[in-house]
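Colleague: Give the three-dimensional model of this entry:
(2 chains)
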Amino acid sequence: MKHAHWLHTLGGSGRRLAAYAAGELSPADRDRVASMVAACRGCRRTVDGYRQAAAALRGWPRVGLTAEEAAAFVPEVNRRIDRGRAVSPRPVRPGLREVVWDHPRLSVASAFTAILLLIGLTLSQVQMWGLSGTTGRNGVEIISVDVDEDTSVMVFQPPGTALKVIWVFEDRSI
Amino acid sequence: MPGPEGRADDRTLVEQAARGDREAFGALVQRHQDRIFNLAYQVVRNREDALDVAQEAFVKAFASLPSFKGEASFTTWMHRIVVNLAIDCLRRRRRGDPTTYDDRLAVPEDGAQNLAAPDDPETALETRQVRSLLSRGIESLPPAHRAVLVLREIEGLSYDEIARAVGCSLGTVMSRLFYARRKLQKVLRPNLDDLR
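Modeller: The predicted model follows:
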């Protein structure tokens, strides 16, 4: 049977492959992934990549303070405490990309909900005002609206008739 | 890793420092400064920033000592402070403060595991190439992912300890670690055959 490597790198399978390379799987899962890896050349290369990265990181050289930095370290800390720098700057909030990467499922669900909401709102607007934008839910078509300083005139047509109704609004206080 | 005696000493010094004993706090700083600096450096990957983050972490620790309950070891508590400051430092840097990266991994600690000096020149070259690739891969990771990777792969912390240090759930730690590992694997993979 031909194995599609890319299928093994998606979602849960991809995570299992990484965890397998790090030796973090339970014995049962380990055996299952081992047989998958044995039958998939691409998976073997992926696992090799994970293992090589992990090995290099484990052997990463530690970085120490120079003698000069070490000698000045405590005095500098004391100086900062005396200067009242104990109040640290406000933490910087994570960016959108980080939030999305940290919670991929939640992000997809939020995006999906937002799209549904948008579609729902659009549909409700179309239902309320009609596609032409001037016909109401009850079928009354507004033909024209003229607003003057002291008079407003609206012409509309009730549904199912050729009758045009003219409404005139006058300001009688003038 | 400090043994039980080391932890007891830490606790005594922490108690004294929490009462305002600056000498005890100084001893505590001196004992942990190298380790804390190394952790800060592995995350921020710039000597100047790492020094600032490490010193600021101790300043913050001093201010928070009275609220330190001693449920975790002083080292674990410091991990949390320094990692959060390092992440903040990286985020600030990404939002506009230009900083030059420092790729020199200078002054290795005595007795530290170090692959920098294998006898075989071919192996040494390969190690340098892998490190250089990984270095670039690490620098391209988002700050929080980088911190989790360093705590797991370099510091050797458990998932639980990382969750406590970074202040997030176990699931988030696993997710961040997966993305970080996958990124490094992708960086390294095209070069695997060349290096062999």
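Colleague: From now on I want contacts and neighbour counts done on CA atoms only, so please keep to that.
Modeller: Noted.
Colleague: I'd guess residue A:146 is in a strand, am I close?
Modeller: Yes: the assignment for residue A:146 by DSSP: H, G, I helix; E, B strand; the rest coil puts it in a strand.
Colleague: mind listing what it touches?
Modeller: With contacts defined as CA atoms under 8 Å, 6 or more residues apart in numbering or on different chains, the neighbours of residue A:146 are A:152-154.
Colleague: who does it bridge with?
Modeller: For residue A:146, the beta-bridge partners are residue A:153 (DSSP bridges).
Colleague: Past the strand or helix carrying residue A:16, which element shows up next along the chain?
Modeller: Assigned by DSSP states H and E, residue A:16 falls within helix A:11-21. Toward the C-terminal end, the helix or strand that comes next after helix A:11-21 (DSSP H and E) is helix A:27-38.
Colleague: Tell me the helices and strands packed up against that next one.
Modeller: helix A:11-21, helix A:41-58 (3 or more CA pairs under 8 Å, 6 or more residues apart in numbering or on different chains; DSSP states H and E).
Colleague: where does chain A dip in pLDDT?
Modeller: A:1-13, A:85-95, A:127-137, A:172-174 (pLDDT under 70).
Colleague: Contact residues of it facing chain B?
Modeller: Along chain A, the residues adjacent to chain B under the rule CA under 8 Å from any CA of the partner chain are A:15, A:18, A:45-46, A:49-50, A:53-54, A:56-66, A:70, A:73-74, A:76-78, A:80-81, A:85-88, A:91-92, A:94, A:98, A:101-103.
Colleague: Make a PyMOL selection of the buried ones in those residues.
Modeller: Command for PyMOL, covering only those of the residues of chain A next to chain B found buried under the criterion 16 or more other CA atoms under 10 Å in any protein chain shown:
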select buried, chain A and resi 15+18+45+46+49+50+53+54+56+57+58+59+60+61+62+63+64+65+73+74+76+77+78+80+81+86+98+101+102
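Colleague: which residue is nearest the centroid of the chain?
Modeller: All of this refers to chain A. Closest to where the C-alpha atoms of chain A average out (CA atoms, centre = their mean) is residue A:107, at 3.9 Å.
Colleague: You answered for a different chain; I wanted chain B.
Modeller: Centre-nearest of chain B using CA atoms, centre = their mean is residue B:39, 2.4 Å out.
Colleague: For it, list the residues it contacts.
Modeller: Neighbours of residue B:39 in contact, by CA under 8 Å, 6+ apart: B:82-83, B:150, B:155.
Colleague: Could you do residue B:90 as well?
Modeller: Here residue B:90 is in contact with B:44, B:143 (CA under 8 Å, 6+ apart).
Colleague: Buried ones in the helix or strand hosting it, by neighbour count?
Modeller: If you go by DSSP H and E, residue B:90 is part of helix B:74-94. Going by neighbour count (16+ other CA under 10 Å), the buried part of helix B:74-94 is B:74-91.
Colleague: and that helix, average pLDDT?
Modeller: Here helix B:74-94 scores 89 as its mean pLDDT.
Colleague: do the helix or strand following that helix and chain A meet?
Modeller: Remark: after helix B:74-94, the chain's next helix or strand is helix B:121-139, criterion DSSP H and E. Yes: Helix B:121-139 reaches chain A (CA under 8 Å from any CA) through B:127, B:130-131, B:134.
Colleague: Tell me the spacing between residue A:140 and chain B.
Modeller: Relative to chain B, residue A:140 is positioned 55 Å away (CA to the nearest CA, to the nearest Å).
Colleague: burial of the residue lying closest to that residue once chain neighbours are set aside, as a residue count?
Modeller: Nearest in space to residue A:140, with sequence neighbours left out and distances taken as CA to CA, 6 or more residues apart in numbering or on different chains, is residue A:158 at 4.7 Å. Neighbour count for residue A:158, taken as other CA atoms under 10 Å in any protein chain shown: 15.
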